[in-house]
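# My questions concern the predicted model and sequence given below.
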Amino acid sequence: MNRIVRVVIVAVLVLVCGMGYAVMNLRASLPILDGRSEVSSLQEPVVVTRDVYGIPTIAAGSRTDAIRALGYITAQDRLFQMDCLRRSAAGRLAEIFGEAARDNDLRRRTFGLNSTARAIAARLPVDQREVLDAYAEGVNDYLLHKSTLPFEFLLLGYEPDPWKAEDSLLVLLEMFHVLSGTDEEERMKTVMTETLPSEVVAFLVPETDPYTDALLGRPARSSSAIPVQGLAPLRKSLAQMEARKMSLVRFGKSGLGSNAWAVRGVKTADGRSILANDMHLDLTVPNIWYRTQLRYEEVDLTGVAVPGIPIVVAGTNGLVAWGVTNVEGDFLDLVRLEINPANTNEYRTPKGWTRFTTRREVIKVKDVQDFVAEVRETIWGPVSQDDLLSGPVAIRWTALDPDAVDLGQLAMDRVRSVDEAITVMTRAGGPANNVILTDRAGHIAWTYTGKIPLRRGFDGSVSVSWADGRMGWSGYVSPGAIPRIIDPPSGFLVSANHRMLAPTSPYVVGHSFANGYRAFRISQRLGAMENIHENDLFELQLDSTTQLYEFYRRLALEALTEAVVQGKTSLVNARQALRGWNGKADAESRGFALVIRFRQMLSRSVFVPFLSSCQERDARFSYDGDLDTPLRQLLTTQIPELNPDPEHYSTWSVFLLNAVEQTVREVEAEYGAVSLTEMMWGHLNRVRIEHPLSGVLPGLGYLLNMPNEPASGCGQCVRVMEDGLGASQRLVVSPGHQDEGIQHMPGGQSGHPFSPHYRDQHPYWSHGIALPFLAGTPVHTLTLVRPARTAQRAREHNQYWANATNKRRNDEQRRA
């Protein structure tokens with residue numbers, strides 16, 4: 001017995017010591033915030049102060065030293081995130097995460113982003129390359145002088161490679177992929193075009209929606225636009241299609257993109273212009289944005305940057321402020337390939353049959369055998385791993401063109417007016433965005449940034465062959481031809497991922513933009529506002545009114561007549577909940593959850609019978625996009641010939657009642673513990689922001705994830721929040737009045753769970769409370785200095801980088 005006790009005591013001591021050692025290592029990996037740290041690459045000392053939220057202010061004598069310091073402190077706070085971003089673009093996540101990341105790696109390897117990043121780096125102007133080199137030097141100085149690696153590296157058992165200039169470009173290309181790297185829309189419309197009558201495709205994939213039409217001053221579509229004769233023969237029994245209902249109609253994240261607007265001095269309390277911007281992305285831990293302020297020479301630059309990229313994406317230099325939203329444009333084409341029937345290794349080009357070139361990609365997968373893929377290349381780009389309609393397609397994408405990607409936005413640090421800012425933004429390469437601008441003189445403007453392809457012979461909405469040379473790209477829209485709006489008579493400008501130009505524009509920017517409701521609501525509110533302050537615009541960012549869904553609530557209530565609900569408790573409760581909805585997507589709103597689920601039920605039940613032939617043609621087909629425009633037309637007109645399931649429901653009224661009843665049954669089955677009359681939107685809509693390692697060990701989620709709590713907002717209101725996507729930050733600022741500005745974001749500045757700044761900004765974001773735009777009073781001061789280069793220190797420094805370089809070269813050789 002004594003022996004057993006001794007064994008238990010020893011085991012407990014070992015466990016305690018192990019836990020103590022782990023905690024000690026975790027705390028040792030926290031960044032140094034005070035005192036002096038040696039940064040070998042600096043030319044002059046740099047002072048980094050941090051406020052109570054850990055937000056840094058960098059004071060340097062030159063831009064390159066400021067950028068070195070930015071690289072150093074970003075690595076202090078976000079090294080693992082930086083490593084994951086470059087690995088994702090390079091197709092190297094499976095090395096650390098295993099098979100779960102292999103598909104991501106294969107897609108990125110198909111693109112060949114590693115070689116693209118190297119080619120971009122070789123073409124960059126000298127001043128931009130100097131900035132990338134300075135940033136890499138700062139990151140590597142942190143790696144050289146760190147005491148302990150962040151906990152993620154310890155948990156996964158690997159060390160990060162040194163940072164290179166190309167790694168920052170990989171992170172930029174990863175953001176490119178997030179914003180415009182999908183081909184799903186083109187695949188969808190290609191299948192529809194080759195399966196359905198043209199008038200049906202035009203109806204189901206509209207160019208605009210009623211809210212966008214109103215903003216552009218265009219007439220709304222009439223009910224006569226419904227192609228009854230084209231749709232009716234397509235209909236199949238809904239009962240036969242039941243198994244396909246869930247996969248055929250896909251609900252994309254309708255809020256992906258951002259909101260940005262600016263108001264002129266004629267609408268503000270004191271005559272100055274003000275910018276507001278909240279960028280909608282998948283919410284992550286750590287947050288995708290890193291707040292910073294850089295002071296060097298005559299520059300005072302404040303805003304947010306992506307860890308790994310030394311660019312302030314949204315912010316101000318005190319003279320001009322800028323914010324961005326995703327264009328939702330078309331910057332990727334799938335080129336249909338004509339294969340030589342006599343030699344499948346050849347494809348047709350304008351110059352005749354040409355052989356594919358092939359590269360071998362070896363994807364290292366943790367704990368299992370390497371995965372080897374053959375990637376074929378064409379003159380237009382790599383061949384997709386996924387065929388389209390049983391045939392191969394090549395990928396032509398602006399991100400894969402080294403001439404379309406650069407760091408031109410760096411020049412925003414010194415612009416003095418919206419005119420100068422437009423010049424910088426329209427010349428810059430990188431992901432295409434809408435840009436909203438304000439300046440200290442009270443002007444406001446909108447334009448595009450990024451390269452817009454000039455297509456010849458086609459519009460890019462469907463996949464076509466480029467083999468005969470009549471179709472293809474002819475370069476990019478010149479900077480001078482990129483549209484811009486300056487100081488409109490309305491006194492404000494709004495961008496919410498909707499169509500900014502009429503479809504009659506001389507060149508194609510995109511096809512399926514976001515529904516215009518958010519932009520319409522923002523414009524509606526701004527048009528009625530006067531004497532505007534920053535707090536007024538921040539309050540508008542939190543607006544959860546959503547008139548778009550009122551149509552579906554009314555439809556459900558019309559179906560729930562007194563005769564229908566009598567004696568049916570569930571339907572009585574459903575009607576009471578729907579009647580009580582306040583028109584908002586607040587977490588506390590009652591009835592809205594039913595409205596959302598009813599819309600989803602209708603979308604599937606109405607469209608599936610007419611689209612089944614598309615899925616028969618291509619098993620991967622799914623219908624996405626602006627479902628509401630055609631859906632509302634069908635539900636408003638209720639044309640008998642287009643009753644989705646006349647075999648089971650004699651009229652549209654019967655069909656709609658069944659949809660309500662089925663919605664109620666599904667919601668009660670899923671949330672049976674909550675009465676329909678008490679069910680709030682927050683029961684369904686919750687903040688779920690999780691660290692990528694939270695599921696590795698039991699209990700890690702509690703330590704690493706943000707609180708799982710009810711959330712206000714939806715996909716079709718100004719306050720976007722749905723399915724893990726939402727406002728990744730919010731800022732409101734007037735150039736020259738930064739001290740009155742507002743900025744907050746989910747999570748915190750640090751990626752270290754033991755840091756007080758891991759989640760200290762999160763409650764303000766979650767509950768819609770403003771934080772100052774600028775960092776507050778310094779509570780930490782760190783001076784970065786260039787060390788005295790003794791002979792011994794020089795040898796150690798050189799040996800470190802020699803070892804790191806050899807390790808990386810060996811790794812690359814093994815992967816090859």
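Okay, I see it.
# per-domain residue ranges of the chain.
What the record gives for the chain is the domain set 1-30, 183-219+226-250+548-582+590-679, 790-815, from the TED database.
# Columns mean pLDDT, distance to D387 and mean neighbour count on top of these, output as TSV?
The C-beta positions use only the backbone N, C-alpha and C, and glycine is treated the same way. Formatted as TSV, the domains of the chain follow (pLDDT from 0 to 100; distance: least, CB to CB, whole Å; neighbours: other CB atoms under 10 Å):
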stretch	mean pLDDT	distance to D387	mean neighbour count
domain 1-30	52	46	11
domain 183-219+226-250+548-582+590-679	93	9	18
domain 790-815	61	27	11
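# so which of the ones you listed gets nearest L154?
Taking CB to CB as the criterion, L154 comes closest to domain 1-30 out of those, the separation being 6.2 Å.
# Show residues contacting stretch 746-754.
Surrounding stretch 746-754, the residues in contact under the criterion CB atoms under 8 Å, 6 or more residues apart in numbering are 26-27, 29-31, 53-56, 77-81, 150-151, 283, 285-287, 290-291, 687, 689, 691, 703-704, 706, 726, 728, 755, 757-762, 765-766.
# quick one: which of those residues sit in strands?
Secondary structure assignment by DSSP state E places P56, Y290, R291, V687, G726 of these in strands.
# can I assume the first one is in contact with A775?
Yes - P56 is in contact with A775 according to CB atoms under 8 Å; the separation is 7.1 Å.
# Show me which of these two is the more surrounded one.
The residue with more neighbours, out of P56 and A775 and counting by other CB atoms under 10 Å, is P56; that gives 25 against 21.
# Return the distance of that one relative to G430.
Plainly put, P56 is 24 Å away from G430 if you go by CB to CB, to the nearest Å.
# so where's the stretch 701-816 of the chain uncertain?
Residues of the stretch 701-816 of the chain that meet the criterion pLDDT under 70 lie in 789-816.
# circling back: mutual contacts of P56 and A775, please.
Both P56 and A775 are in contact with T49, R50, R291, Q293, where contact means CB under 8 Å, 6+ apart.
# Neighbour-wise, give me the winner out of those residues.
Neighbour counts for those were taken using other CB under 10 Å; the highest belongs to R291, with 26 neighbours.
# Can you check the pLDDT for that residue?
You'll see R291 listed with a pLDDT of 99.
# and it, bridged to which residues?
R291 forms beta bridges with V304, as assigned by DSSP bridges.
# Next, the contact list for it, please.
If you count contacts by CB under 8 Å, 6+ apart, R291 has them with I55, P56, G303, V304, Q743, M745, Q749, A775.
# and which of those residues is nearest to D167?
Within the contacts of R291, the smallest distance to D167 is 19.6 Å, found for V304 (CB to CB).
# Hmm, the closest one is touching N287, no?
No - using CB under 8 Å as the test, V304 is too far from N287 to be in contact (9.1 Å).
# how about the strands in the stretch 301-450 of the chain?
Ranges of strands in the stretch 301-450 of the chain, per DSSP state E, counting those that start in this stretch, are 314-316, 320-326, 332-336, 339-340, 343-349, 352-355, 357-363, 371-377, 393-397, 433-439, 444-449.
# Out of the ones you listed, which is closest to V405?
strand 393-397 (10.7 Å).
# what about that closest one, distance to the chain center?
Relative to its chain's centre, strand 393-397 lies at 22 Å (CA atoms, centre = their mean, to the nearest Å).
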